[in-house]
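[1] how would this look folded up:
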Amino acid sequence: MDTLEEFEQQLREVLTHLYDPTYFPPDLVWDAMRCSRQQGGEALRAALIRAIDEMKPTAGAPLTARIRRFHTLLSCRYVQHLTQEETAEHLGISPRHLRREQQEAVRVLAHRLWEQRRTDTPASDNRPQAVDVQGAGVNALENEVLDWRSQVRRELVSLQKSAPTAIADVGETLQSVVELWSASAARHGVDLEVGHVQPGLCAAIHRSALRQILIAAVGKLTQHMDSGQITLSAERRTGRAGIEVVGRPVATGDAPNSELIREILATHDGSIKIDTDGNQVSFSIVLPSVDEVTVLVVEDNEDLVHFYRRYTAGTRYRIVHAVQEKCVFEMVESFNPGIIVLDVMLPDVDGWELLAHLREHPATREVPIIVCSVVREKELALDLGAALYLPKPVRRQQFIQALDQVIRRA
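    Numbering: from 1, shown residues only. A predicted model of the protein is given here:
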């Protein structure tokens, strides 16, 4: 006899493999989610995502409500496929605390689904009725697809709201997908590799969303291959990031397709083209590219620079650091920064003097400078040529908004 403990254990495993097309969920999970295998994995995935979404409390619930935290945790870890470290940072807790909370969150979800399975029985009045079984099945499947698409769009909107300026380092994302998928692909006799990737290529999309696109593409190709190789490569194409996922040899027949990829790309001004050439299938994915901006931080507080690096992780901004004046112009020559963030309380020079020097020097005359200091002298900073004044302490959103503001002006 099936037990709640067995279901909870199986649910954990299914959630871990939510986007893995080669994984076959156990019958108990299909039954609990009221899905049939004939509907396919996307229907089960949609049902699980919908179940997680239904855990979201009403607008009037306290911000500290535990169920709200469980909903956010499950959405980040399994729907958005963020890492434990990324989810912990999003929730403002330690990874160790997250692991405990994740165990409890899945347990709560399992209990909810188990109770629904026990109590949600179809109503009947013992009167025979003529039922259009085929038509009802088609309508149910159409509703599942519509529900799934609606859920995907809601999750993408939520992801964009949580990190509106997030970008993805294409090379790093491709490499992470290869590392994630190598074991699954190997079971099919398929080798994964990263081909040529243009250095510094970034796409205007959250790295989690790009990762789902690539996971879906690799998964679809793997389903049509018994052996062979899948290569991921990328290059810049006139202000766009072009990503190729190529599998060979692929069994003849209908070309693989993915509604998930198309839904994600539709919300990010992207496109996809699937080409078949003999026994080779190519997913050509195009997304808006973003130029990386080097930010030279002139600051003697190493801890603060560490926070700046954390603030800008996953954005277009790359932090380089100088402590003393003598290093500043060497780093300007080496890195060609697009922005300079300057503290005025430095160990070897007065920051105001350095600001005036930077404004006069040919190499930095046109570079926007943000004065970020505990010294509350906004008017003096602007009079000496700073593009913006930012008082310490500074939070992540303030810091990113300041960088965005000055780079737009530039």
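
[2] So residue 389 lies in a strand, does it not?
    Yes. Residue state for residue 389 (DSSP: H, G, I helix; E, B strand; the rest coil) corresponds to a strand.

[3] Contacts only, for it.
    370-372, 377-378, 381-382 (CB atoms under 8 Å, 6 or more residues apart in numbering). No exception for glycine: its C-beta is placed from N, CA and C like everyone else's.

[4] Would you point out the helix or strand in the chain whose mean pLDDT is lowest?
    helix 133-162 (a mean of 58; mean pLDDT, DSSP states H and E).

[5] Buried only: go through the contacts of residue 389 for me.
    Buried by 16 or more other CB atoms under 10 Å: 370-372, 381, out of the contacts of residue 389.

[6] mind putting those residues in CSV, pLDDT and distance to residue 108 included?
    Compiled in CSV, the buried ones among the contacts of residue 389 are given as follows (pLDDT from 0 to 100; distance: CB to CB, whole Å):
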residue, pLDDT, distance to residue 108
370, 95, 45
371, 94, 48
372, 93, 43
381, 91, 51
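
[7] For the nearest residue to residue 193 once chain neighbours are set aside, what are phi and psi?
    Closest residue to residue 193 apart from its sequence neighbours, by CB to CB, 6 or more residues apart in numbering: residue 231 at 5.4 Å. When quoted as degrees, to the nearest 10, the phi and psi of residue 231 stand at phi -120, psi 130.

[8] How about residue 172?
    Main-chain torsions, residue 172, degrees, to the nearest 10: phi -60, psi -40.

[9] can you count the residues close to it?
    12 (other CB atoms under 10 Å).

[10] need the contact list for it.
    Contact analysis of residue 172 by CB under 8 Å, 6+ apart lists residue 207.

[11] for the one 4 residues further on, same thing?
    Residues near residue 176 by CB under 8 Å, 6+ apart: residue 211.

[12] so it sits in a helix?
    Yes. Checked against three-state DSSP, residue 176 lies within a helix.

[13] can you pull out the helices in the stretch 51-200 of the chain?
    Here the stretch 51-200 of the chain has its helices, by DSSP state H, counting those that start in this stretch, at 66-74, 84-91, 95-119, 133-162, 170-187.

[14] pLDDT below threshold where in the stretch 151-300 of the chain?
    The stretch 151-300 of the chain contains residues with pLDDT under 70 at 151-153, 156-157, 159-165, 252-255.

[15] ok, now with 50
    Across the stretch 151-300 of the chain, no stretch falls below the confidence threshold (pLDDT under 50).

[16] any idea which residue sits dead centre in the chain?
    residue 208 (1.9 Å; CA atoms, centre = their mean).

[17] Tell me how many other residues surround residue 92.
    The tally of other residues near residue 92 (other CB under 10 Å) stands at 7.

[18] and it, what are its phi and psi?
    Torsion angles at residue 92 (phi, psi; degrees, to the nearest 10) stand at phi 70, psi 30.

[19] what about stretch 15-27, start to end distance?
    Distance across stretch 15-27, first residue to last, is 15 Å (CA to CA, to the nearest Å).
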